[in-house]
Structure formats: C-alpha cells, structure tokens
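Asker: Prediction below, plus the sequence it came from.
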Amino acid sequence: MKLIDMHVHTTASDGVFTPIEVINYSLSKQLSGIAVTDHDTVGGIDEAIRHARDLKDYVVVPGIELSTDYYGEEIHILGYFINHKSEKLNEVLDKLKKARVVRAKKIVDLLNMKGIKISFEEVEKVSGVDVIGRPHIARILTSKGYSKSVPEAFREFLIKGSKAYIPRDKIGVVEAIKLIKAIHGKVVLAHPGLIKEKKLINKILEHDFDGIETYYPGHSTEDVSNFEKLAKEYNLICTGGSDFHQIPTEEDIHEDLGSCSLLLNRIRKWKNEFELRKE
Ligand SMILES: [Zn+2]
Ligand SMILES: [Zn+2]
C-alpha cells in the first residue's frame with residue numbers, strides 16, 4: 001500500500017521543515033511520496049525532487065497552494081503536477097511576493113501603533129525563503145509573549161475583524177485556475193470544509209476543477225461524505241493531505257504529516273500524464 005500526503009508546506013513558505021527534512025520525516029511515517037504545496041511559491045520543489053531522486057520509488061509531486069479571492073472569501077486552490085519552471089507562473093508569483101511584503105509591513109506598522117513592539121526585520125528573520133506571511137508575524141508575537149500561541153495571535157491580531165488585520169491583494173479563483181491549467185497542472189479545491197460561506201462551494205465547483213480535497217484533518221465525517229458526493233456530481237478526483245507545517249503542538253491548528261494521506265493509485269492518471277509530458 002503506497003501512500004502519499006498531497007498537502008505539505010516547507011520552509012519555502014510557512015513550514016518549519018526544509019524540503020529535505022520533510023521528505024526524511026515522511027519516510028519515518030511510511031509515506032511513499034509528498035506533494036510540495038507551498039503558499040504562492042515553488043521555491044521548495046527543486047530541492048525536494050533532487051533529494052527524492054536517491055530514494056527508491058518515492059514520488060514528489062510539484063505543487064502549489066494559491067490564495068485566491070472569491071466574493072470576499074479567501075479560497076485556497078491547489079495546483080498539482082505543475083510546470084514549476086514556467087515563466088508565466090513565476091511572473092505572477094513575483095507580484096504576489098511583493099504584495100505580501102507590503103502587507104507584512106503594514107501589519108507591523110499597525111501593531112506598533114497599538115503599542116506592540118515588533119519589527120519587520122524580526123519577522124523577516126523567521127519568514128520563509130520566498131514567502132512572508134501572517135504565520136511568521138504570529139510566531140514573533142508568540143515568542144515575544146504578546147500571545148500564548150500562534151492560533152491565539154491570529155485570533156487577537158491577524159484575522160479579519162481583529163486588531164491588526166490588513167487585507168492582501170489576491171488573485172481571483174478564475175485567474176488561478178487559468179494559470180494552473182496554462183502550466184499543465186491539475187486544479188484542486190483545497191480544504192472546502194474551511195470555507196465559511198457554504199453556499200459558495202457549489203458555485204466555485206462550477207469552474208474548471210479536476211479534484212476536491214476531501215480527506216483533510218479539519219473535515220468531519222459528514223464533510224467527507226458531502227465532498228465525496230460533490231466529487232461524483234462534478235466528476236472530480238477526491239484528494240487528501242494533512243496540510244503539514246510542523247510537528248503539531250497541543251494548540252496547533254494543523255496536524256502531523258501523513259495524518260491524511262491518499263493511495264498513490266488514486267492520482268495514477270495524473271501522474272502518468274505528467275510523466276508523458278516530461279518525455
Ligand atoms: Zn490552505
Ligand atoms: Zn496548506
């Protein structure tokens with residue numbers, strides 16, 4: 001039985017493990033592969049692919065998780081088997097990277113105005129190689145004692161309606177789908193169970209998706225059976241992953257690597273198409 005975790009973050013975005021470390025850790029979890037799906041960056045993929053070359057029968061799926069906007073709600077879209085070297089993709093990612101820096105600076109300014117003494121340089125130090133984001137600010141707030149934990153830092157300072165929320169420029173759902181398709185990727189709706197406005201799910205799925213992330217730590221049994229039904233209705237593949245960022249602490253919102261994984265067989269069709277394309 002070969003298992004793959006289709007949703008993994010590395011130090012390229014807001015994960016704590018480098019691509020090599022995360023693969024080594026996945027071996028201790030008896031996984032046969034991972035999809036590297038960092039937020040708005042492909043910076044971790046090459047290192048992961050290189051490392052996996054020395055491992056027998058290990059699969060690294062080049063992926064990405066794009067944050068998009070859909071009628072004011074943040075929707076995450078996963079792209080799998082993408083051509084991560086595409087110029088078109090990297091141009092868009094560059095723009096998003098710049099927007100993230102601007103936003104992080106604005107958040108730090110706002111926190112400073114409220115008497116919270118953290119600097120942009122401190123945030124930069126803990127940030128990902130390619131991506132700076134709210135999780136990094138949350139880590140600083142926690143390490144400096146302004147919050148007890150990362151989730152608490154989010155609740156108090158960083159989420160919509162909290163003390164230092166700043167919205168970020170995001171690409172639209174349609175634009176993200178078009179981009180992933182243009183680089184021959186498969187498009188999957190990430191953790192639909194986390195979408196607050198449930199009515200949006202069907203509406204979003206009217207767009208050109210290939211899969212739906214059905215097996216996810218935050219999904220209830222009811223969610224899973226709902227998404228399995230939707231997958232049939234919209235002719236989608238059910239995927240699954242742990243959304244791994246780090247070995248979870250008690251308060252962590254994310255789960256351990258492999259806590260949700262998928263039989264490698266389920267994505268065989270996609271994998272074969274990808275292999276053919278490479279030849
Ligand atoms: Zn996500
Ligand atoms: Zn994720």
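Answerer: Yes, it's here. Ligands and ions are numbered 1, 2, ... in the order given.
Asker: Could you report the separation of the residue of the stretch 1-150 of the chain found nearest ligand 1 from ligand 2?
Answerer: Nearest residue of the stretch 1-150 of the chain to ligand 1: residue 76, at 3.6 Å (Cβ to the ion). C-betas here are computed from N, CA, C, even on glycine. Using Cβ to the ion, to the nearest Å, we find residue 76 at a distance of 6 Å from ligand 2.
Asker: Check the gap between that residue and residue 215 for me.
Answerer: 15 Å (Cβ to Cβ, to the nearest Å).
Asker: Spatially, which residue comes closest to the residue of the stretch 151-279 of the chain found nearest ligand 2, not counting chain neighbours?
Answerer: Closest residue of the stretch 151-279 of the chain to ligand 2, Cβ to the ion: residue 243 (4.3 Å). Among residues not flanking residue 243 along the chain, residue 7 sits closest, at 4.8 Å (Cβ to Cβ, 6 or more residues apart in numbering).
Asker: right, is whichever strand or helix holds that neighbour up against ligand 1?
Answerer: According to DSSP states H and E, residue 7 maps onto strand 3-8. No: Strand 3-8 stays clear of ligand 1 (Cβ under 5 Å from the ion), getting no nearer than 7.8 Å.
Asker: any bit of that strand sitting next to ligand 2?
Answerer: No: on the criterion Cβ under 5 Å from the ion, strand 3-8 is out of touch with ligand 2, staying 5.5 Å away.
Asker: So the residue of the stretch 151-279 of the chain closest to ligand 2 sits against residue 5, correct?
Answerer: No: counting by Cβ atoms under 8 Å, residue 5 is not a contact partner of residue 243; they are 9.2 Å apart.
Asker: Phi first, then psi, for the closest residue to ligand 2 within the stretch 51-200 of the chain.
Answerer: Residue of the stretch 51-200 of the chain nearest ligand 2, by Cβ to the ion: residue 65 (4.8 Å). Dihedral pair for residue 65: phi -120, psi 110, per degrees, to the nearest 10.
Asker: what about it, neighbour count?
Answerer: Burial measure for residue 65: 24 neighbouring residues, criterion other Cβ atoms under 10 Å.
Asker: hang on, the earlier thing: mind checking what secondary structure the residue of the stretch 1-150 of the chain closest to ligand 1 has?
Answerer: strand (DSSP: H, G, I helix; E, B strand; the rest coil).
Asker: I'd assumed residue 140 was in a strand, is it?
Answerer: No: under three-state DSSP, residue 140 sits outside any strand and is assigned helix.
Asker: And the strands in the stretch 101-250 of the chain, which stretches?
Answerer: 171-172, 186-189, 211-215, 237-240 (DSSP state E, counting those that start in this stretch).
Asker: Point out the most buried one among these.
Answerer: The highest mean neighbour count among the strands of the stretch 101-250 of the chain, using mean count of other Cβ atoms under 10 Å, belongs to strand 186-189: a mean of 26.
Asker: is ligand 2 contacted by that strand?
Answerer: No: Strand 186-189 does not reach ligand 2 (Cβ under 5 Å from the ion); its nearest approach is 11.5 Å.
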